[in-house]
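Colleague: take a look and give me a structure for this.
(chains A and B)
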2 protein chains.
Amino acid sequence: MRVFIAGIDGYLGWPLALYLSANGHQVAGADLLLRREWVAEVGGVSALPIASREERLTAFKEAFGVELDFRVGDLTDYDFVTRCFQDFQPEAVVHLGQMPSAPYSMMDQAHCVWTQQNNVVNNLNILWAIKELAPAAHLIKLGTMGEYGTPALDIPEGFFDVEYRGRKDRLPFPRQAGSWYHQSKVHDSHNTHFASKIWSLKATDIMQGVVFGARIPEMGGDPRLRTRLDFDQCFGTAINRFCCQAVIGHPLTLFGLGRQKRGFLPLTDSMRCLRLALENPPDAGEYRVFNQFENAYSVAELACLVKEAAADIGLPVEIRRYENPRTEMEEHHYNPDRQHLLDLGYEPTRDLKSVIETMLLDLLEHRGRIEAHADALIPDIRWDASRKRSEVIG
Amino acid sequence: MRVFIAGIDGYLGWPLALYLSANGHQVAGADLLLRREWVAEVGGVSALPIASREERLTAFKEAFGVELDFRVGDLTDYDFVTRCFQDFQPEAVVHLGQMPSAPYSMMDQAHCVWTQQNNVVNNLNILWAIKELAPAAHLIKLGTMGEYGTPALDIPEGFFDVEYRGRKDRLPFPRQAGSWYHQSKVHDSHNTHFASKIWSLKATDIMQGVVFGARIPEMGGDPRLRTRLDFDQCFGTAINRFCCQAVIGHPLTLFGLGRQKRGFLPLTDSMRCLRLALENPPDAGEYRVFNQFENAYSVAELACLVKEAAADIGLPVEIRRYENPRTEMEEHHYNPDRQHLLDLGYEPTRDLKSVIETMLLDLLEHRGRIEAHADALIPDIRWDASRKRSEVIG
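Modeller: Predicted coordinates:
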């Protein structure tokens, strides 16, 4: 299948290009390479060194024997998007090309507005380009489990049957997102649902949990094919950040009580799930929502798992609680469904600990990079838009 | 109270400036005067001639004895918004400054993206300016009843108590908006709710029905104080458009079955409701939603009402059904609440027919303006983004 990946240079986009190519799909993509700039802006760096776009293209050709059509351009520029679609004629579009960090969007007015403008406009452009140039193409759009927030109810996959004052309907499940970034993803979900309805587009909206890990088998041993692994307060998500902290002997940083629960999944599972969605497209006019994660864990449970994995390879680790820079519930019900992908054949990775051990071993080789940017490990971006470094509270 | 009106040159903004000034409030506002350009762009004109900004300012000073601080500027420019707030120090902000037309937003990619970008960014800017410069100010943000769409359930005011799989929660009522414009208002509602939560802002989110009429008593007999009245396919809403059609002997244009139900209210009621919200602010951190309309009617019922009112003043009128350019349900349950404003003392105008008769009499004087732009009365903007004039179907 001809698959266009928007955001092909990113944490998920790059391995997806390798994974789909290795599995018989023809891949092209676009990226403005902004992730590299954002991480530098907040004082971070990829813990695992990554290759430049040019090196990635060379390594891709060596690995797969074909040139990768990987264009540098801005998805908020509709002319650029339409040129990509005209040239490549995609049969599927995976949209990963967004600013993905909650703290980055919470920094100040400029970062908030930039995030929403970028994410909303580029998603609209992709919807319009599909409608105008590739109306049979299947859109796989990355949303996030964070769109739902933490209601006191179980979280279904996008829609729920509800009774109210004696009448029944099937309605979109209400979204209560917890950052300007997460709100931008809610807006995109609403826009995508609407586009599917009025234009009969095929759309799969992936509410993804937090991804961790940096390896998929399709990278082989070539370091030029590696994906990035961030640990800074903006782009370093929980398990990845914990692993980076573990290898330099920094305490693992829980925020507040650390009892916040979220869905998590390894990078390999994310790739498999996206492929399952791709190879099992919806009907024309069907907008379906997949909750995509291996399982739900509290952040404290995951810190313990990282501590255990680190102990197995001889790394002593302590866990500390820090002031929570976010406005969020620290104890809450959390029981989201994830049946749709299981029905398509998703077999979740059960041994998370060995994924974490592999990550720790990879990171040990590059601990100097993390040590050199250790300031970026402690958050100072607060949800009230102030900047104040979180102190240890327990 | 010092009230800042964003969108002070518009259909609602201008009469609100008069109404609040006449009722003891100190008003300032901003507008980029774009509504005048949009209406011209789609081939329309205000059926009632309106004064320029300069003439409005002169007439305002004559009527109220004070200068009106009415600035021309772009609310998507944060520096402009912050200068306004620094100078005026608002105690309340009424946000009417948006692109308000569904068909305009549905025209093509450029109009869709422009609408969402403008509406989302300027609402974010107002939220940030309140947070940074006027944190005690009460935001009254105009949303629309169209945000809810037409679910099979009764529509509560913003939130509902729901039970799902044996657990209970109070959740935002799901939004299913029917145009890119309406979607932009949904995005704004989500962003406003979130800002209120994290920054303890006071916010009233008005889900307003379709407003009709062009007179409020505070205009007196001064034509320079009149507000606009549009009849084109983009900015001419149902009753206003029907009245303009009636005075030139054009059939009243129902779309499809004409059984779509919506909430409606006269301009005078909109003014009263906004004042009630203003003078009864919520607590800090409270985000409340008011559904604002006199009553729910089918479009066909309203066409009949206009026909009757026109007959009373000797105008023969016929009603015709046209192809529906929109993708929408033409028959549906519709029973939205509107208790919150009644609880604050809103007494809905009961005699809609006399409001319509007044409007017809005002319009008769200017029928030449409508005749000269009669092409704009029939829609050609379709929800599939094609352009094809609707034909008569019954």
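Colleague: ok, now which ones touch A:Phe194?
Modeller: When contacts are counted by Cβ atoms under 8 Å, 6 or more residues apart in numbering or on different chains, A:Phe194 touches B:Ala177, B:Gly178, B:Trp180, B:Gln183. Glycine gets a C-beta too; all of them are placed from N, C-alpha and C.
Colleague: mind telling me what element it is part of?
Modeller: Per DSSP states H and E, A:Phe194 falls inside helix A:180-199.
Colleague: A:Met329: what secondary structure?
Modeller: Three-state call for A:Met329 (DSSP: H, G, I helix; E, B strand; the rest coil): coil.
Colleague: how about the strands in the stretch 51-200 of chain A?
Modeller: With DSSP state E, counting those that start in this stretch applied, the stretch 51-200 of chain A shows strands at A:69-72, A:92-95, A:138-144, A:159-164, A:167-172, listed in chain order.
Colleague: and the third one with chain B, contact?
Modeller: No. On the criterion Cβ under 8 Å from any Cβ of the partner chain, strand A:138-144 is out of touch with chain B, staying 13.9 Å away.
Colleague: what pairs with that strand, parallel or antiparallel?
Modeller: Using DSSP bridges, the strands paired with strand A:138-144 are strand A:92-95 (parallel), strand A:202-208 (parallel).
Colleague: and those strands as TSV, adding mean pLDDT, distance to B:Glu279 and mean neighbour count?
Modeller: Below are the strands paired with strand A:138-144 laid out as TSV (pLDDT from 0 to 100; distance: least, Cβ to Cβ, whole Å; neighbours: other Cβ atoms under 10 Å in any protein chain shown):
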stretch	mean pLDDT	distance to B:Glu279	mean neighbour count
strand A:92-95	98	46	27
strand A:202-208	98	42	25
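Colleague: show me the one of the ones you listed that comes nearest B:Thr58.
Modeller: Between B:Thr58 and the strands paired with strand A:138-144, the tightest spacing by Cβ to Cβ is seen for strand A:92-95, at 52.2 Å.
Colleague: pull the residues that contact that closest one.
Modeller: For strand A:92-95, the surrounding residues in contact (Cβ under 8 Å, 6+ apart) are A:1-7, A:13, A:16, A:122-123, A:126, A:130, A:134, A:137-142, A:274, A:278, A:281.
Colleague: state the number of residues packed around the one residue in the stretch 201-350 of chain A that gets nearest to chain B.
Modeller: Relative to chain B, the nearest point of the stretch 201-350 of chain A is A:Thr327 (4.7 Å; Cβ to the nearest Cβ). By the other Cβ atoms under 10 Å in any protein chain shown criterion, the neighbourhood of A:Thr327 contains 15 residues.
Colleague: which residue, other than its chain neighbours, is closest to A:Glu62?
Modeller: Leaving out its chain neighbours, the residue that sits closest to A:Glu62 by Cβ to Cβ, 6 or more residues apart in numbering or on different chains is A:Asp222, at 7.8 Å.
Colleague: quick one on the thing from earlier: would JSON lines of the strands paired with strand A:138-144 with distance to B:His333 be doable?
Modeller: What follows is those, written out as JSON lines (distance: least, Cβ to Cβ, whole Å):
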{"stretch": "strand A:92-95", "distance to B:His333": "34"}
{"stretch": "strand A:202-208", "distance to B:His333": "26"}
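Colleague: surely the residue of the stretch 201-350 of chain A closest to chain B and B:Ile198 touch.
Modeller: Yes. Contact between A:Thr327 and B:Ile198 holds when scored by Cβ atoms under 8 Å: they sit 4.7 Å apart.
Colleague: any shared contact partners between those two?
Modeller: When Cβ under 8 Å, 6+ apart defines a contact, the residues bordering A:Thr327 and B:Ile198 alike are A:Trp383, A:Asp384.
Colleague: show me the contacts for A:Gly143.
Modeller: For A:Gly143, the residues meeting the contact criterion (Cβ under 8 Å, 6+ apart) are A:Lys185, A:Asp188, A:Ser189, A:Asp205, A:Ile206, A:Met207, A:Gln208, A:Val289.
Colleague: again, but for A:Asp362
Modeller: Neighbouring residues of A:Asp362 by Cβ under 8 Å, 6+ apart: A:Leu48, A:Ala214, A:Arg215.
Colleague: and A:Ser105, by the same measure?
Modeller: A:Met99, A:His111, A:Cys112, A:Thr115, A:Gln116, A:Ser179, A:Trp180, A:Tyr181, A:Ser184.
Colleague: for chain B, see how far away it is.
Modeller: Separation of A:Ser105 from chain B (Cβ to the nearest Cβ, to the nearest Å): 11 Å.
Colleague: kindly report the same for A:Ala136.
Modeller: Remark: distance between A:Ala136 and chain B (Cβ to the nearest Cβ) = 15 Å.
Colleague: that residue against A:Gln89, yeah?
Modeller: No. The criterion here is Cβ under 8 Å, and A:Ala136 misses it with A:Gln89 at 10.2 Å.
Colleague: got CSV for the strands of the stretch 51-200 of chain A, with distance to A:Ala376 too?
Modeller: Listed next are the strands of the stretch 51-200 of chain A as CSV, based on distance: least, Cβ to Cβ, whole Å:
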stretch, distance to A:Ala376
strand A:69-72, 26
strand A:92-95, 28
strand A:138-144, 22
strand A:159-164, 39
strand A:167-172, 37
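Colleague: and A:His366, how many residues sit next to it?
Modeller: A:His366 has 17 neighbours, counted by other Cβ under 10 Å.
Colleague: tell me the pLDDT of it.
Modeller: In the prediction, the pLDDT value recorded for A:His366 is 97.
Colleague: residue numbers of the stretch 201-350 of chain A in contact with chain B?
Modeller: When proximity is defined as Cβ under 8 Å from any Cβ, the stretch 201-350 of chain A approaches chain B at A:Thr327, A:His333.
Colleague: now do the strands in the stretch 201-350 of chain A.
Modeller: Taking DSSP E, counting those that start in this stretch to define them, one finds strands in the stretch 201-350 of chain A at A:202-208, A:210-212, A:252-255, A:261-266, A:287-292, A:295-298, A:319-322.
Colleague: any idea which residue of chain A is furthest from its center?
Modeller: The outermost residue of chain A relative to its centre, with distances by Cα atoms, centre = their mean, is A:Gly166 at 39.5 Å.
Colleague: gap between the closest residue in space to A:Gln233 that isn't next to it in sequence and A:Val39?
Modeller: Taking Cβ to Cβ, 6+ apart, and ignoring the residues beside it in sequence, A:Gln233 has A:Pro379 as its nearest neighbour in space, at 4.1 Å. The span separating A:Pro379 from A:Val39 equals 15 Å under the rule Cβ to Cβ, to the nearest Å.
Colleague: of the contacts of A:Phe194 - the most surrounded one?
Modeller: Note: the member of the contacts of A:Phe194 with the most neighbours is B:Gln183, at 30 neighbours, neighbours being other Cβ under 10 Å.
Colleague: just list the residues touching A:Arg175, thanks.
Modeller: Counted by Cβ under 8 Å, 6+ apart, A:Arg175 has contacts A:Glu147, A:Tyr148, A:Gly149, A:Val186, A:Ser189, B:Pro172, B:His190.
Colleague: actually A:Gly149, not the one I wrote
Modeller: When the contact criterion is Cβ under 8 Å, 6+ apart, the partners of A:Gly149 are A:Arg175, A:Gln176, A:Ala177, A:Gly178.
Colleague: repeat for A:Met329
Modeller: Under the criterion of Cβ under 8 Å, 6+ apart, the contact partners of A:Met329 comprise A:Thr150, A:Gln260.
Colleague: just to revisit the earlier point, can I get the buried part of the contacts of strand A:92-95 as one ChimeraX selection?
Modeller: Buried residues among those (16 or more other Cβ atoms under 10 Å in any protein chain shown), as a ChimeraX selection:
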select /A:1,3,4,5,6,7,13,16,122,123,126,130,134,137,138,139,140,141,142,274,278,281
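Colleague: cross the contacts of strand A:92-95 against helices and list the overlap.
Modeller: Here DSSP state H is the test, and the contacts of strand A:92-95 give A:Gly13, A:Leu16, A:Asn122, A:Asn123, A:Ile126, A:Ile130, A:Leu274, A:Leu278 as lying in helices.
Colleague: list just the nearest of these to B:Asp161.
Modeller: Here the nearest of the ones in helices among the contacts of strand A:92-95 to B:Asp161, counting by Cβ to Cβ, is A:Asn123; it sits at 32.3 Å.
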